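[1] A predicted structure for the sequence below; I have some questions about it.
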Amino acid sequence: MSVAPGFHLEIVSADVRGAREIALGDRGTVFLGSMGPGKVYAVSSVGNPGKPVQVRTVASALETPSGVAFHDGNLYIAEPERLLVLRDIEAHLDDPPKPEVITDHLPFRDGDHFWKFIAFGPDGRLYVTIGAPCNVCDVGHDFGKIISIKPDGTNRQDVAYGIRNSVGLAWRKTGKDLWFTDNGRDMMGDDVPSDELNTLTRPQQSFGYPYCHQGDVPDPHYGTDHSCSEFTPPVLKLGAHVAALGLRFYEGPAASRSLNGALLIAEHGSWNRSVPSGYQVVTVKFDNADHPQQPEPLIWGFRRNGRTFGRPADVQPMPDGSILVSDDFSGSLYRLTYASAVQK
């Protein structure tokens with residue numbers, strides 16, 4: 001892989017098969033959900049040169065536990081229909097408790113985009129993405145949305161609508177607005193529609209799916225009775241078919257001052273574009289008026305010379321300023337550091 005000037009990339013572990021969402025524990029444990037093997041991993045001693053990295057499986061035999069989130073000492077896990085929790089998990093990495101079911105009634109329909117990305121917001125609620133069970137279909141307010149729920153599984157609320165498939169949620173430390181990625185529909189050509197970067201500024205905004213894509217392209221079937229002006233447009237178009245997934249704000253300490261305040265986004269990569277797109281990690285920086293700028297590559301080369309070597313799924317800044325990247329294709333966890341820090 002290639003990295004932006006001044007950075008260094010290393011493999012933390014190649015033993016996290018299907019690695020998807022990343023969550024960081026209070027004691028530095030890195031938790032990883034997975035897409036295929038039904039496991040949740042705990043990775044210890046990341047970035048600690050005095051101790052070897054250790055990978056443990058803290059839950060297994062689960063159904064697509066791709067989403068994980070850490071809150072008040074507990075690890076929350078998302079399956080297609082259930083939310084689970086492992087209590088006080090960092091004290092029990094060698095003898096993890098049996099997962100406790102928080103809810104077993106998440107919206108689910110067999111089809112596409114059944115996996116979940118989860119994250120705790122600044123309000124202490126757990127946010128859950130509910131993808132559309134299709135490439136494009138009219139699901140009303142049943143699917144294609146984001147919901148939130150209390151940590152005990154009660155008081156479920158709809159947060160946003162018109163979202164085809166979001167696999168990334170993030171908040172700034174100093175803000176309450178929710179930022180999220182959304183994957184555009186397929187089968188409209190190589191260059192339309194774009195994946196989206198969106199921000200939610202008020203409850204129950206609708207972002208257009210399935211009637212309008214990328215804020216300005218009516219759907220050829222579902223868009224005839226709706227104007228794009230009815231919906232909230234994206235704050236930034238990320239490119240067609242890049243499959244933008246996990247995102248996080250980078251807020252220091254400043255390994256590289258050029259990243260301060262930027263969004264990091266994992267682009268999983270296209271599956272049906274004639275010239276592949278994505279397969280990289282990008283940064284989205286903001287100007288003085290707080291407008292997001294065009295993405296800049298940070299790590300690339302996961303696909304080259306017609307071969308796929310990796311597919312980034314999530315990003316996670318660490319307290320020491322490094323950045324973790326999960327890769328579900330190679331089953332790897334990477335660590336990006338600023339080279340000046342490595343040379344000390």
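    Yep, it's here.
[2] how about the strands in the stretch 101-250 of the chain?
    Secondary structure of the stretch 101-250 of the chain (DSSP state E, counting those that start in this stretch): strands at 118-120, 126-130, 145-149, 157-161, 169-170, 178-182, 194-200, 205-206, 212-213, 217-218, 236-240, 244-249.
[3] hey, which of those is tucked in deepest?
    Of the strands of the stretch 101-250 of the chain, the one with the most neighbours on average (mean count of other CB atoms under 10 Å) is strand 212-213, at a mean of 28. All C-beta spots, glycine's among them, are computed from the backbone N, C-alpha and C.
[4] would you list the strands that that strand pairs with, along with their directions?
    strand 217-218 (antiparallel) (DSSP bridges).
[5] contacting residues around the partner strand?
    188, 192-193, 211-212, 224, 226-228 (CB atoms under 8 Å, 6 or more residues apart in numbering).
[6] how about a cut-off of 6 Å?
    Outside strand 217-218, the residues within contact range by CB atoms under 6 Å, 6 or more residues apart in numbering are 192-193, 212.
[7] for it, give the mean pLDDT please.
    Taken as a whole, strand 217-218 has an average pLDDT of 98.
[8] one more: stretch 233-250?
    Average pLDDT, stretch 233-250: 98.
[9] pretty sure I323 sits against P312.
    No - with contacts counted by CB atoms under 6 Å, I323 stays clear of P312, the gap being 11.1 Å.
[10] more crowded one of these two?
    Higher neighbour count among I323 and P312: P312, with 30 against 25, using other CB atoms under 10 Å.
[11] that one and E10, how far apart?
    Distance of P312 to E10, given as CB to CB, to the nearest Å: 15 Å.
[12] go on, Y127?
    Taken as CB to CB, the span from Y127 to E10 is 31 Å.
[13] what's the answer for F114, then?
    33 Å.
[14] sorry, back to before: will you turn the contacts of strand 217-218 into JSON lines that also has distance to L336 and pLDDT?
    Compiled in JSON lines, those are given as follows (distance: CB to CB, whole Å; pLDDT from 0 to 100):
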{"residue": "V192", "distance to L336": "32", "pLDDT": "98"}
{"residue": "P193", "distance to L336": "30", "pLDDT": "98"}
{"residue": "C212", "distance to L336": "36", "pLDDT": "98"}
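[15] okay if I get these as CSV plus distance to A19?
    As requested, the contacts of strand 217-218 are exported to CSV (distance: CB to CB, whole Å):
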residue, distance to A19
V192, 31
P193, 28
C212, 34
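[16] and of those, the nearest to K39?
    P193 (34.2 Å; CB to CB).
[17] neighbours of the closest residue in space to C212 that isn't next to it in sequence, how many?
    Counting by CB to CB, 6 or more residues apart in numbering, C228 is the residue found nearest to C212 once chain neighbours are left out, at 4.0 Å. Look at C228: counted by other CB under 10 Å, it has 17 neighbours.
[18] need the per-residue pLDDT for C228.
    Per-residue pLDDT puts C228 at 98.
[19] likewise for S340?
    At S340, pLDDT is 62.
[20] repeat for R257
    The model's pLDDT for R257 equals 75.
[21] now it: how far from L9?
    Applying CB to CB, the value for R257 to L9 is 19 Å.
[22] who has more neighbours out of those two?
    L9 (17 against 9).
[23] pretty sure the more buried one is in a strand, no?
    Yes - under DSSP: H, G, I helix; E, B strand; the rest coil, L9 falls within a strand.
[24] would you confirm that it contacts S2?
    No - counting by CB under 6 Å, L9 stays clear of S2, with 8.6 Å between them.
[25] any idea how far the residue nearest the centre of the chain is from F143?
    Nearest to the mean C-alpha position of the chain, counting by CA atoms, centre = their mean, stands G246 at 2.1 Å. Distance, G246 to F143, by CB to CB: 21 Å.
[26] now do I299
    Taking CB to CB, one finds I299 at 32 Å from F143.
[27] same thing with R273?
    25 Å.
[28] which one's more surrounded, these two?
    Counted by other CB under 10 Å, R273 and F143 do not tie: F143 has more neighbours, with 24 against 18.
[29] pretty sure that one sits against T129.
    No - using CB under 6 Å, F143 is not in contact with T129, being 10.3 Å away.
[30] quick check: the residue nearest to the centre of the chain touching A170?
    No - at 8.5 Å, G246 does not count as touching A170 under the criterion of CB under 6 Å.
[31] next up, the contacts around F302.
    279, 309-310 are the contacts of F302 under CB under 6 Å, 6+ apart.
[32] buried among those residues? Make that a ChimeraX selection.
    Buried members of the contacts of F302, identified by 16 or more other CB atoms under 10 Å, are gathered into one ChimeraX selection as follows:
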select :279,310
